[in-house]
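Novice: Structure for this input, please:
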Amino acid sequence: MFGFQTRTIRDLSWNEKKQVESLLEINGLTFEGRPDCTAVVENSEEKLIATASIQGKVIKMVAADPEWQEAGLSGMVISELLKYARENGIFHLFVYTKRDMADKFASLGFSELARTDAIVLMESGHPSSDDYRLVLRKNRTFEGSTNIGASVMNCNPFTLGHRYLIEKAAGECDGLYVIVVQEDLSHFPFSDRLRLVQEGTRDLKNVRIIPSGDYAVSRATFPTYFLKDKGLTSVAERQAELDATLFANLFVPELLIKKRFVGTEPFCQTTAKYNEMMKKVLPPRGVEVVEIMRLNDISGTAVSASRVRRAIVENDMEALKIMLPPVTMDYLRSEKGRAVVNKLIHEHDKN
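Specialist: The predicted model follows:
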């Protein structure tokens, strides 16, 4: 049809990436991350006129040349990515798209999870958000209480700062859900991060630890959070608003949350923007956003996971002792912990 050629590309060449970037820019989008596969449509002159990419289980960066909007090119590249996903055993997919593309994805079997003025997050396949709602219901702990709080944490790794925030938040509500980011894109594996938080808060009787699934600060909801280059401020802002909206749609009604606790953010602009977006999105949905001042060490500097990782690379044991609880110190001395330490050092030396 019209001499179109469709193909998929695993590793974009410099020239191919430039063409994709140009097409995205025309459509008000930005190239981000490192796609596992990109589908493109080219015309008879080998000009790229449509594109879409997939990274992990997320389809994104869907765009077509405005001159060919009526030719169904977006459907062609999306179909190629759905075929790629099936061939690679990916049966649960998310799509992060502009609002005007939502109906197209709905016709392909995607269901809407969250929507902002600019973007829509949708999913298809299983396990789905309906399955995760059942997980949340099974974890409902504070029945009968009206003052229930929640905090979402990555804990990469679990620090005294995290412990301080959890303890302070737990003191301000009847029950606190700590939702640990499950996306395994951090230096410390999710299973280890989850265990450290569980063991490090075991004495707090009104705290319940829950894995986030794919539905809080994940590669689907907030991919910029995991990028080394977080300079895409406008992109991070849109994604932060989307993630906060999904929290309001999913976690708030299932866990009857009335307060969302966050720590002040002096270091990371992306996390600071996330806090700002929560203050915009959650209060109209009946959730108070409570900001807790970060714990400072004896030098007056806020304790943070990024400072801990830097101290690990520098083998600064004194700094680690004043920023980490015993459970994390013990972990760093374990076989698993030493493997993470070596990985951090290797990554630092390589850069």
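Novice: tell me which element the nearest residue to residue 35 once chain neighbours are set aside falls in.
Specialist: The shortest distance from residue 35 to any non-neighbouring residue, by CB to CB, 6 or more residues apart in numbering, is to residue 53 (3.7 Å). Just so you know, the C-beta spots here come from the backbone N, C-alpha and C atoms, and that holds for glycine as well. Taking DSSP states H and E as the definition, one finds residue 53 inside strand 48-55.
Novice: helices or strands up against the following helix or strand past that strand?
Specialist: Next along the chain after strand 48-55, taking DSSP H and E as the criterion, comes strand 58-64. Contacts defined by 3 or more CB pairs under 8 Å, 6 or more residues apart in numbering; DSSP states H and E place strand 58-64 against helix 14-26, strand 48-55, helix 73-87, strand 92-98.
Novice: Strand 58-64: how far from the chain's middle?
Specialist: 17 Å (CA atoms, centre = their mean, to the nearest Å).
Novice: Give me the sheet partners of that strand and which way each runs.
Specialist: Take DSSP bridges as the rule and strand 58-64 pairs in its sheet with strand 48-55 (antiparallel), strand 92-98 (parallel).
Novice: tell me the angle that strand makes with helix 14-26.
Specialist: 80 degrees (axes from the mean of the first three to the mean of the last three CA atoms, to 10 degrees).
Novice: which other residues reach strand 58-64?
Specialist: Defining contact as CB atoms under 8 Å, 6 or more residues apart in numbering, one finds that strand 58-64 is touched by 20, 23-24, 26-27, 29, 31-33, 35, 38, 41, 49-54, 71, 73-74, 77-78, 81, 93-98, 101, 219-220, 223.
Novice: quick one: that strand to helix 73-87, angle?
Specialist: 150 degrees.
Novice: So which residues of the chain form helices?
Specialist: Listed in chain order, the helices of the chain (DSSP state H) span 14-26, 73-87, 102-107, 129-138, 160-170, 190-200, 233-255, 269-281, 305-313, 317-323, 326-333, 335-350.
Novice: can you redo those as TSV with mean neighbour count?
Specialist: Converted to TSV, the helices of the chain look like this (neighbours: other CB atoms under 10 Å):
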stretch	mean neighbour count
helix 14-26	15
helix 73-87	18
helix 102-107	15
helix 129-138	14
helix 160-170	21
helix 190-200	20
helix 233-255	21
helix 269-281	19
helix 305-313	18
helix 317-323	15
helix 326-333	16
helix 335-350	13
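Novice: do you know which of the ones you listed lies nearest residue 5?
Specialist: helix 73-87 (10.3 Å; CB to CB).
Novice: Averaged pLDDT, that closest one. What do you get?
Specialist: If you average the pLDDT over helix 73-87, you get 92.
Novice: same thing with stretch 285-293?
Specialist: 96.
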